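> Sequence plus the predicted model coming up.
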Amino acid sequence: MFAVFFDKFDRRSFLAAGLVLAIVAGVLAGSARAQTAPARILLLATGGTIAGQASARAGNAYDSAKVSGANLVAAVPGLDKVAQITAEQISSIGSQDMNDKVWFDLAARIKTAIESKEADGIVITHGTDTMEETAFFLQSILDTDMPVVLVGSMRPSTAVGADGPANLYEAVKVAASPQARGRGVLVVLNDIIHGARWVQKTNTTSVDTFRSPDAAPIGYVDTASVRFLQPAAAVKASGLKLPAAPPLPRVDIIYSHANMDAAPVEDAVKRGAKGIVLAGVGDGNSSKAAVDALAAAARSGVLVVRATRVGSGFVNRNVEVDDDGLGFAVSLDLNPQKARLLLALLIANGVTDPRKVQQAFEGTF
């Protein structure tokens, strides 16, 4: 039997067959390695409490932005097994000092990473005070299915029980997860994943500060798994573009309160505001004097958007205020700080008709 077999296949045929098998085995092995290769994560550090160090001013005092992004990465055990991380420092500030220049720098670096395909996901270390604004800004100007994840902490890196290392580990885990693709910009803290459109900081000091009051978290993460609550849905691209250089057009937030007069609105107009967002009482309302001043501002070409100082709920059109008659837009559920950002981006893109502004706010859903 073996003799017949060897008669039909000479030595050269066996060598050729062996070579083919070796090539196929190599291709399969390479494919397996590619499938198990760690995700490439670009970490962009901006500062914040997560990079803070203790200060002698008080028992709980600290100074933000003292630790580099590279050192934050190096301090998290096992992080190198989750992803291949490249860390870059974009800024070293507390997020109370976040500004247009840093936003433009972040946007430019992320767009470069997207175009060059140098990363599978982006993680941004950031202070919690304005994290929701940076997340919403990036959500508004990026058009990508690449995961972009913001992370911070409520306690500095030197604190007893610092939450930064665990948060950073989980943010990288989310950014490296294929499940995170196509979900827009995300915020990860305290084992919870939030969407940029909904997330808000709700407590001054609690590690559970981030909530999505008018929606819900979109997922959860721990050291073992990433769990999203729903399948990924296509996130609408806004089509908004950044100007060639900062700053964005000036938009002021006016905080409504009892016994309010017209002065804050009139002052904003004098200082050159192109738009005004009212952080109104209740359903985005304010005193007659303030509403009259806003109406005068709208007649002069200043865009006016009514939002609310209340922590949740929608601002509806034409309830107690004649929005149609006065030329106002309403923010729906966007809080004043996010409404300010969207209005500034709209003005930068030449959207100055109040009706089109309203359509843009409705288009964020």
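It's in.

> what are the phi and psi angles of the nearest residue to I110 once chain neighbours are set aside?
The spatial neighbour of I110 that comes closest, neighbours along the chain excluded (Cβ to Cβ, 6 or more residues apart in numbering), is I122 at 5.6 Å. Any C-beta I mention is one placed from the backbone N, CA and C, and that applies to glycine too. Comment: the main-chain dihedrals of I122 come out as phi -120, psi 130, following degrees, to the nearest 10.

> Just give me the neighbour total for K236.
Residues contacting K236 under the criterion other Cβ atoms under 10 Å number 13.

> What distance do you get for it to G184?
Counting by Cβ to Cβ, to the nearest Å, the gap between K236 and G184 amounts to 9 Å.

> what about the longest strand along the chain, average pLDDT?
Secondary structure assigned by DSSP state E gives strand 83-93 as the longest strand of the chain. Confidence over strand 83-93, taken as the mean pLDDT, stands at 98.

> and I41, helix, strand or coil?
Taking DSSP: H, G, I helix; E, B strand; the rest coil as the rule, one finds I41 in the strand state.

> partners of it in the sheet?
On the basis of DSSP bridges, I41 takes part in beta bridges with I85, G121.

> I figured it hits A113, correct?
No. I41 is not in contact with A113 according to Cβ atoms under 8 Å; the separation is 10.2 Å.

> So which of those two has more stuff around it?
Neighbour comparison, I41 and A113: the larger count goes to I41, with 25 against 22 (by other Cβ under 10 Å).

> Could you pull up the contacting residues of the more buried one?
Counting by Cβ atoms under 8 Å, 6 or more residues apart in numbering, I41 touches 83-86, 119-123, 172, 175-176.

> let's see it at 6 Å
Shown here is I41, whose contacts under the criterion Cβ atoms under 6 Å, 6 or more residues apart in numbering are 83, 85, 121, 123, 172, 175-176.

> want to throw these into a markdown table with distance to D261 and neighbour count?
Compiled in a markdown table, these are given as follows (distance: Cβ to Cβ, whole Å; neighbours: other Cβ atoms under 10 Å):
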| residue | distance to D261 | neighbour count |
| --- | --- | --- |
| A83 | 55 | 23 |
| I85 | 53 | 24 |
| G121 | 50 | 25 |
| V123 | 46 | 30 |
| V172 | 50 | 25 |
| A175 | 48 | 30 |
| A176 | 53 | 22 |
